[in-house]
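Engineer: coordinates only, sequence not included:
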């Protein structure tokens, strides 16, 4: 699978063999550390502004929606295949958040291609979920969710997400960017910060168990914050 992915990329982008190329779907921590300097940091206070916005309040309909989502899926959740987990549990949440704004040219994309090239390496592949500027394809990616897996297996979603965030932070000339990764019922939110050329640090939130209503409400609020921030950021930069 990895060899096939690399061959397709080389043909599509006319990539020279001497440039190391990494697919998001296959990249691991050992690969990341070969091409960039990246370190995890433990500081949950980094998420305070994101997670504690008092202006974000869920109404009764939101809470009922989340409660019904748990009730309808909790029996099956741990045994869902990736597509089941995505379609039955995760996508309804994302659709209700509604990351689409036609006037601002912002929408959410599934399995969207992302390409980032330097003289030293190339990152490329399909992002599971990205909120970006663009009508029909991602022109400026803002927020990623990776990856709709039932459990943590060989294809760990965390380094895949970090690779996508690195690509996006460079393509956008940002200094920070947000994302999340999902393993079964557990959500983790991530902040990536650029410290210098090919040098980064990142922070991972505590676990959010989406089968717990209070935790799922927090997940929903965190996503609403991201939506508001993206729409507001785009307004400031336009």
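Structural biologist: Ah, there it is. Not measured: the values here are computed from a predicted model. Numbers count the residues shown, from 1 in each chain.

Engineer: how deep is residue 61 tucked in, by neighbour count?
Structural biologist: Residue 61: 9 surrounding residues under other CB atoms under 10 Å. Glycine gets a C-beta too; all of them are placed from N, C-alpha and C.

Engineer: That one: which element?
Structural biologist: Assigned by DSSP states H and E, residue 61 belongs to helix 60-73.

Engineer: can you give me the mean pLDDT across that helix?
Structural biologist: Helix 60-73 shows a mean pLDDT of 98.

Engineer: Low-confidence bits of the chain, can you list those?
Structural biologist: Along the chain, segments meeting pLDDT under 70 span 1-17, 148-155, 233-238.

Engineer: rewinding a little: in the helix holding residue 61, what's buried?
Structural biologist: For helix 60-73, a neighbour-count test (16 or more other CB atoms under 10 Å) marks 65-66, 69-70, 73 as buried.

Engineer: repeat for stretch 160-172
Structural biologist: For stretch 160-172, the neighbour count (16+ other CB under 10 Å) marks 160-170 as buried.

Engineer: Just the residues you listed: which are in helices?
Structural biologist: 160-170 (DSSP state H).

Engineer: State the pair within those that is farthest apart.
Structural biologist: For those, with distances taken as CB to CB, the pair at the greatest spread is 160 and 170 (16.5 Å).

Engineer: Tell me which residues touch the closest residue to residue 89 other than its chain neighbours, please.
Structural biologist: Once flanking residues are discounted, residue 89 sits nearest to residue 73: 5.0 Å by CB to CB, 6 or more residues apart in numbering. Contact analysis of residue 73 by CB atoms under 8 Å, 6 or more residues apart in numbering lists 80, 88-89.

Engineer: Many thanks, I have nothing further to ask.
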